[in-house]
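K.L.:
the sequence and its predicted three-dimensional model are supplied below.
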Amino acid sequence: MVFGMVAIETIHSMLVELHGGMLTLAFICILATVIARTHLKMRKTSESYGVFWPVDSFMGKIAVYAEPTAYVAGMGGVIGLIASAIVGFYSWPLDLITATPLGLNKVLFSVLTTELFIIFVFLRSKYGVNMWKSGGTAAVYSSLAVFGFLFMVIAGSYGGHMMLKGSVLDPVYALLGISPETFGITGFNFVILIVSVSIVAIIVPLAIYFYLQRRAKLKESIKT
């Protein structure tokens, strides 16, 4: 029994490291892609931007390779997130997860991270690189990675406190006067909160994205 629990905890730790690394890579690649595409666009549209041929070549390679890397890393991260959540229910005491602010906050931010990166992967799978042709849709797509990464970091910080190891975000919590061990809500109210926030996290990005996609198509049809 003890060996089984140790094995489960080990697997959970591996999955946490897996999805943490994958989603961090996706976040970094998205930032790199935004920087590279912005640079290349400014080179084409602004004569006063300057001439940096070595930088242009480097940025061109980033734009080509970083973007699909973010997509693949996002898929791996989502799989790792779901797998680690399932294993986590067996590696942590149920009362710690479902009856304490610390555990419930971790659940909340883990769910939000999963939802945002699922949308991230879904949009990239459906529209491919064409989504980068519109600044608005590119901004929504990039925001999904940014906020998903931030929520993952917060969820990880709560996991660190659950393991009594603390977190790199502790100075931020101290600055805001927040105690991770007590900050949050418990009971049935949490169910209402997580369902409400989850609906918003899913509907709002998709609604904005599809609206921008439709507007871009209307503009193209008017031009033609």
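P.N.:
That came through, no problem.

K.L.:
secondary structure element for the most centrally placed residue in the chain, which one?
P.N.:
Centroid-nearest residue in the chain: Gly148, 2.1 Å away (criterion: C-alpha atoms, centre = their mean). Per DSSP states H and E, Gly148 falls inside helix 135-162.

K.L.:
circling back to that earlier point, excluding its backbone neighbours, what's nearest the residue nearest to the centre of the chain?
P.N.:
Leaving aside its chain neighbours, Gly148 sits nearest to Leu116 (3.7 Å; criterion: C-beta to C-beta, 6 or more residues apart in numbering). In this view, the C-beta of every residue, glycine as well, is placed from N, C-alpha and C.

K.L.:
Leu96 too?
P.N.:
Gly103 (4.9 Å).

K.L.:
shaky segments in this structure?
P.N.:
1-6, 46-54, 185-188, 223-224 (pLDDT under 70).

K.L.:
and the lengthiest helix in it, what does it pack against?
P.N.:
Secondary structure of the chain per DSSP state H: the longest helix is helix 2-45. Where contact means 3 or more C-beta pairs under 8 Å, 6 or more residues apart in numbering; DSSP states H and E, helix 2-45 is packed against helix 53-91, helix 101-127, helix 135-162.

K.L.:
to Thr45, which of those helices lies closest?
P.N.:
helix 135-162 (12.3 Å; C-beta to C-beta).

K.L.:
picking up where we left off before, could you list the buried residues of the helix holding Gly148?
P.N.:
Neighbour-count burial for helix 135-162 flags 137-138, 140-145, 147-149, 151-162 (criterion: 16 or more other C-beta atoms under 10 Å).
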